[in-house]
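[1] Show me the folded form of this:
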Amino acid sequence: MESEIRNETLIEARHLSRRYGPTLAVADLNLTLRKGEILGLLGPNGAGKSTTLKMLAGCLAPTAGEVRIKGVSLRENPNLAKRHLGYLPEQPPLYPELTVDEYLAFCAGLHGIPRAARAAAAAQAKQACGLTGVSGRVIGNLSKGYQQRVGLAQAIIHRPPVVILDEPTVGLDPIQIREIRGLIAELGRSHSVILSSHILPEIQATCQRVMIVNRGRVVFDDVVSQDMRFDSVAVRLRRAPQAAELAALPGVARVEELGEGRWRLGVAAGADPREAIAEAAVRGGWGLIELRAVQKTLEEMFVELTSGEEPRNETMGEAKAA
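    Residues are numbered from 1 along each chain as shown. Next up is the predicted model:
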C-alpha cells in the first residue's frame, strides 16, 4: 500500500512545447513527478527551465502538449489543478510594504483558505520556513534570505502536494543557501518538489532525481545515486595479464594501461564488467588489489550533455520569456 502511495503521479506533462513566434523555447518535453520525489531541473542559462516551470505552474500556456496535476487537466480545469501546487518563481511575488503576517493572510485568502483557518495556516507555514520570529516585520526590511523564506511560505501555505521552486537560492550568500537548502529538504518530507537551478552542488545535495534540459529538450532524466553512470572501471593487479585478455572480458569496451599494474577499462553501454573481471583475476592468478567503478560526476555529465555548438535562434526562447 505504501509503495502504491509513493508511486502516485502528481504531475504529468506530455509533449510540452512553447514557441515565441519563430523561437522554440521548449520542445516536446515529457515530465513525470511522483509522490515523495524531489526533482532537480538542471540546464544552462537559456535552456528552457523557467519556461518549463511557468507552464507546469499554469502561469504560461503551452503552444502544444498538456499538463495534468493529480490527474486534473491544467488547461481544462485550471482552478482545480492549481489547488494542488505551490509556486515560487525566481523573483518572489512579495509586497515589501506588508508585514509577514499581513502578506501570508493575503496569500491564504488567494488560495481559498477559509477566513477562520487562515491564522493557523500562516502559523504552520511560518514554523516550517523559520519565520515565526519575524511575523510582525515589514518584508521590505528583511534580508534576502528571509524574503526567500517568505516566498517559500506563500508557496506552501495551502499545503499543496506539489511545490515548484525556480532558482530559490539565487543571490543568496553561502550561509543563506545552506539554510534554504535545509528548508527544501524538509519540504521534501511532506511535499513533492521540482527545484530548478544551474548550481550543480545544490541539485546533488538536495534532489533524488535529475532532469537536464538543453536547448529546450530533455537530454537526461534519471535518479541520483552512488552508481549513477560510470563509464570505466579502475583495476590494479599484481601480475598484469596481456591487454587482449582484459579486452576480451564481457562488458569491456576498451583497455588503457596506466603503469604499475594499473588499468582503466572502458565499459560498454549498459554493462557492468566488475564481476567478470574479478572472476578472471581469480582464475588467472592476477592478484587483484583494486577494482572500482569510476563514476561520472554530475558536473561531467552536465558539461558533456550541454556543451557543443551555440544554440540557434529557433531554440533560444527562455532569454525572452524569463
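
[2] For S232, grab the count of nearby residues.
    Taking other Cβ atoms under 10 Å as the neighbour definition, S232 ends up with a count of 18. Bear in mind the C-beta positions are built from the backbone N, C-alpha and C, glycine included.

[3] cool, the one 4 residues further on as well?
    Summarising burial for R236: neighbours were counted as other Cβ under 10 Å, giving 17.

[4] Now do the contacts for the residue nearest the centre of the chain.
    Centroid-nearest residue in the chain: G40, 0.3 Å away (criterion: Cα atoms, centre = their mean). By Cβ atoms under 8 Å, 6 or more residues apart in numbering, G40 lies in contact with 195-197, 203-204, 206-207, 209-211, 224.

[5] Out of those, which comes closest to T23?
    Distance to T23 across the contacts of G40 (Cβ to Cβ) is lowest for S196, with 20.0 Å.

[6] Where does that closest one fall, secondary structure wise?
    Per DSSP states H and E: S196 is located in strand 192-197.

[7] What pLDDT is listed against G130?
    Per-residue confidence at G130 stands at 88 (pLDDT).

[8] Enumerate every residue touching I139.
    I139 sits next to 94-100, 103, 147, 150 when contact means Cβ under 8 Å, 6+ apart.

[9] switch the cut-off to 6 Å
    94, 96, 98, 103, 150 (Cβ atoms under 6 Å, 6 or more residues apart in numbering).

[10] Of these, which is the nearest to G109?
    Proximity of the contacts of I139 to G109 was ranked by Cβ to Cβ; the top entry is Y103 with 11.0 Å.

[11] After the one helix or strand that closest one maps to, which helix or strand is next?
    Secondary-structure element containing Y103, defined by DSSP H and E: helix 100-110. Toward the C-terminus, helix 100-110 is succeeded by helix 115-129 as the next helix or strand (DSSP H and E).

[12] Can you tell me what sits against that next one?
    Outside helix 115-129, the residues that touch it by Cβ under 6 Å, 6+ apart are 104-105, 108, 113, 132, 149, 152-153, 156-157.

[13] Can you check what angle separates that helix from helix 100-110?
    Counting by axes from the mean of the first three to the mean of the last three Cα atoms, to 10 degrees, helix 115-129 points 120 degrees away from the direction of helix 100-110.

[14] which residues touch the next helix or strand after helix 115-129?
    Scanning the chain past helix 115-129 towards its C-terminal end, the next helix or strand to appear is helix 144-156 (assignment: DSSP H and E). Helix 144-156 has contacts (Cβ under 6 Å, 6+ apart) with 86-88, 92, 100, 107, 125, 129-131, 139, 163, 171-172, 176, 180.

[15] Show the buried residues in those.
    Neighbour-count burial within those applies to 86-88, 92, 100, 107, 125, 129-131, 139, 163, 172, 176, 180; the criterion is 16 or more other Cβ atoms under 10 Å.

[16] Could I have the CA atoms of the strand holding S196 written out in PDB?
    This file holds the C-alpha atoms of strand 192-197, laid out as PDB (Å, rounded to 0.1, in the frame of the first residue of the first chain):
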ATOM      1  CA  SER A 192       6.900  16.600  -3.900                       C
ATOM      2  CA  VAL A 193       9.300  19.200  -5.100                       C
ATOM      3  CA  ILE A 194      10.500  20.400  -8.500                       C
ATOM      4  CA  LEU A 195      13.700  22.500  -8.000                       C
ATOM      5  CA  SER A 196      15.200  24.400 -10.800                       C
ATOM      6  CA  SER A 197      18.900  25.500 -10.700                       C
END
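
[17] mind listing what the strand or helix carrying the residue nearest to the centre of the chain pairs with, with the direction of each?
    With elements delineated by DSSP H and E, G40 resides in strand 38-42, which encompasses its position. Taking DSSP bridges as the criterion, strand 38-42 forms sheet pairs with strand 192-197 (parallel), strand 209-214 (parallel).

[18] how about TSV for these, with mean neighbour count added?
    Written out in TSV, the entries for these read as follows (neighbours: other Cβ atoms under 10 Å):
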stretch	mean neighbour count
strand 192-197	25
strand 209-214	23
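
[19] could you redo these as CSV and give each row mean pLDDT and distance to E304?
    As requested, the strands paired with strand 38-42 are arranged in CSV below (pLDDT from 0 to 100; distance: least, Cβ to Cβ, whole Å):
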stretch, mean pLDDT, distance to E304
strand 192-197, 90, 18
strand 209-214, 91, 10
